[in-house]
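[1] Test case, fold it:
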Amino acid sequence: MKRRHFLHTATAASLPLFSNGQSGNPLIRSIEKVTLRKNRDGSEGTTWFHPRACMIPQPDGQKPPTALMCLQSIGGSDYFGPVHWSTSSDLGKTWSDPE
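    Here you go, the predicted model:
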């Protein structure tokens, strides 16, 4: 099987897994680019890099799920600080300070 055919078949087979139960409506309806923390402009403070976020479901179906984001501080071109984390309980509209 050619790679292109495999990818097409695998993608088509996985589409029902990523829907909200209605035909043709994906679970993710849109993506919006938002700057949470801004620095790299010469001001003092921490510049954050490598954000990675995921959703953590609440027990017993409570809503909304908690969003968890891991991120690192960066200083210079190749100095990465320790990994920090931040959480959101309102689907990413607001975030806690990195810890």
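[2] Helices of the protein, start to end?
    3-14 (DSSP state H).
[3] where does it dip in pLDDT?
    1-2, 4-27, 40-44 (pLDDT under 70).
[4] Now with 50, please.
    Within the chain, the stretches with pLDDT under 50 are 17-21.
[5] Tell me which stretches of it form strands.
    Using DSSP state E, the strands of the chain run over 48-56, 66-75, 79-88.
[6] now the angle from the last one to strand 48-56?
    Put plainly, it is strand 79-88. Interaxial angle of strand 79-88 relative to strand 48-56 (axes from the mean of the first three to the mean of the last three C-alpha atoms, to 10 degrees): 30 degrees.
[7] got it, and the second one?
    Here the directions of strand 66-75 and strand 48-56 differ by 170 degrees (the same axes, to 10 degrees).
[8] For strand 66-75, which strands pair with it and how are they oriented?
    Under the criterion DSSP bridges, strand 66-75 sits next to strand 48-56 (antiparallel), strand 79-88 (antiparallel) in its sheet.
[9] ok, back up a step: for Thr94, which of the strands of the chain is the nearest?
    strand 79-88 (6.2 Å; C-beta to C-beta). All C-beta spots, glycine's among them, are computed from the backbone N, C-alpha and C.
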